[in-house]
Structures are given as C-alpha cells and as structure tokens.
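Participant: sequence-free structure coming up:
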C-alpha cells in the first residue's frame, strides 16, 4: 500500500512477498521489462530500471533472475510486450483508488480489476475520476537508527531539493518533486544514510477514515487487486 504509514506497509508487504514469491517475481520481471524498453538496459542511465532493480533486490529476487529479465527485455532472449494501463475508481466509503497495471491483454486485465472493485462494494471510474486527489511525489523512507537524526536528514535533504520531511515513530519520510528525486537520493546516500525505500509514488491530498468493518472490506479488495499478476502498484487515500 502506498501512502499513509508507508514504512509499516512496506514491512507488511515484504511478509506477503515471502508467501507469494512467484506472484511478486512476475510483477517485478514485468516492471524491469518495461523499464528496459523505455530507457535501455543500463540502470545508470535509466532511472525507472534502477528503481525496478532496487525493488527486486528488496524482495530477494536473485541477481541471475534480474539479469535474465533485462536480457529478455533487450531482445537477447526473446520478449513479450507489456502495456501500461492505469485504472481509477472508488472503494467502500468513497475511498479513492488508483491501480497501475502492466499487461499483454487489456481485456483480461480490465475484467479482473473491475471484478475486484465490484466484489467489495467499489466501482471502477473513468480516467481522471480520482487522480486529481493525488500528487506525484518522490518518497524516500529512512529507518530510524542511533546514527540518524531528524536535523541531519533535514539539512541534507532540503539542500538537495527536498520539499518536506516527516518524522514517524520508527522512520523518516522525505518527499520531493519527481524532478529532484534523484538528486536527493544521491545526496543522502553519499552521506552514508541507508535508504530503506525510494520510489515515485502518488500521495493523496487528504485521507478518509473507515470504520472497522469498512476497513476490513477495503483490505480484502486491496489484497484481491494485489494478487493479480497484471497489477503493479495500488495507491489509495484510506487512513490506517
């Protein structure tokens, strides 16, 4: 889940990844494939590929599997073409949901995504129906340690072009524009700060709160969408 309490969500999703390794590797392989086709096989000159490789390593994808995915996308091993498709809709309680997909069969993907929305009291909307409620941001997660302090991270990040830094119970979240994302990442890493996660994501302008029953239903819809091979990312504005 992207958005609220991102660090806790990352940890939870890694736990799910261990139980659904094949599904996760399928998604990561597709992301690597599209990144290579868009910007070439060199991660030093391809930001999307660099982020995809980092995500793959975070999920314990073997290096030889990553290398094979890059070669396949580059035409060295034959390839399959995937298309980016974004779906927007409403979950229970009027919650806003954006679903990013990579697919080789648009009809199949549209049917699968629509089914999950309908099954759990949601509805699929048209393009632009909820995206105006989100802003595209660079988001960097830094896990708290004895060596990290808010003041140090704040100074480094802001000087490199960060927009905001939020301190959570066990992490710091650094927000940037997409344009300044790489510069801020490099400045933090150059100073020896380990980045737990870094991504270009969709941040909601405001959150909605659901009651216990509504939250349970929303989580079931989220898990159902997340289990689909074609779904890469899900963004929402539900507060946990």
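Facilitator: Done, it's in. Owing to the predicted nature of the structure, the values given are computational and were not obtained by experimental measurement.
Participant: Can you name the residues in contact with the strand ranked longest in the chain?
Facilitator: Identified as the longest strand of the chain according to DSSP state E is strand 134-143. The set of residues that contact strand 134-143 without belonging to it, under C-beta atoms under 8 Å, 6 or more residues apart in numbering, is 2, 6-7, 10, 96, 98, 148, 153, 157, 163, 170-178, 180-181, 184-185, 188, 193-205, 235, 237. The C-beta positions use only the backbone N, C-alpha and C, and glycine is treated the same way.
Participant: burial count for residue 205?
Facilitator: For residue 205, the count of nearby residues is 10 (other C-beta atoms under 10 Å).
Participant: re earlier: go ahead and build a ChimeraX selection from the buried members of the contacts of strand 134-143.
Facilitator: The following ChimeraX line selects those of those that are buried, judged by 16 or more other C-beta atoms under 10 Å:
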select :2,6,7,10,96,98,153,157,171,172,173,174,175,176,180,181,184,185,188,193,196,197,198,199,201,202,203,204,235,237
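Participant: which stretches of the chain form helices?
Facilitator: 6-19, 21-39, 47-58, 63-73, 106-119, 150-160, 181-190, 212-226 (DSSP state H).
Participant: Now render those helices as a markdown table, adding distance to residue 138 and mean pLDDT.
Facilitator: As requested, those are exported to a markdown table (distance: least, C-beta to C-beta, whole Å; pLDDT from 0 to 100):
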| stretch | distance to residue 138 | mean pLDDT |
| --- | --- | --- |
| helix 6-19 | 12 | 47 |
| helix 21-39 | 17 | 86 |
| helix 47-58 | 10 | 91 |
| helix 63-73 | 23 | 90 |
| helix 106-119 | 26 | 97 |
| helix 150-160 | 11 | 94 |
| helix 181-190 | 3 | 94 |
| helix 212-226 | 23 | 96 |
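Participant: re earlier: what comes up buried for the longest strand of the chain?
Facilitator: Counting neighbours by 16+ other C-beta under 10 Å, one finds that the buried residues in strand 134-143 are 134, 137-143.
Participant: Stretch 207-225 too?
Facilitator: Judged by neighbour count (16+ other C-beta under 10 Å), stretch 207-225 contains these buried residues: 208, 210, 214-215, 217-219, 221-222, 224-225.
Participant: What of stretch 147-164?
Facilitator: So for stretch 147-164, counting by 16+ other C-beta under 10 Å, buried means 153-154, 156-157, 160-162.
Participant: Quick check: the two most widely separated of the residues you listed?
Facilitator: Among the buried residues of stretch 147-164, the pair separated by the greatest distance (C-beta to C-beta) is 153 and 161, at 13.8 Å.
Participant: bridging residues for the closest residue in space to residue 193 that isn't next to it in sequence?
Facilitator: By the measure of C-beta to C-beta, 6 or more residues apart in numbering, the closest residue to residue 193 outside its immediate chain neighbours is residue 142, 6.1 Å from it. When bridges are called by DSSP bridges, residue 142 pairs up with residue 172.
Participant: from here on, count from 14
Facilitator: Okay, residue one is now 14; in that scheme the one you just asked about reads as residue 155.
Participant: Before we move on, what's the pLDDT of residue 155?
Facilitator: With respect to pLDDT, residue 155 has a value of 94.
Participant: And the protein, what are its domain boundaries?
Facilitator: As given by automatic domain parsing, the domain ranges for the chain are 19-86, 96-145+219-249, 147-217.
Participant: contacting residues for residue 219?
Facilitator: Contacts were defined as C-beta under 8 Å, 6+ apart; by that measure residue 219 touches 146, 250.
Participant: now residue 212, nearest residue through space, not along the chain?
Facilitator: Counting by C-beta to C-beta, 6+ apart, residue 152 is the residue found nearest to residue 212 once chain neighbours are left out, at 5.7 Å.
Participant: what's the distance between that neighbour and residue 188?
Facilitator: 6 Å (C-beta to C-beta, to the nearest Å).
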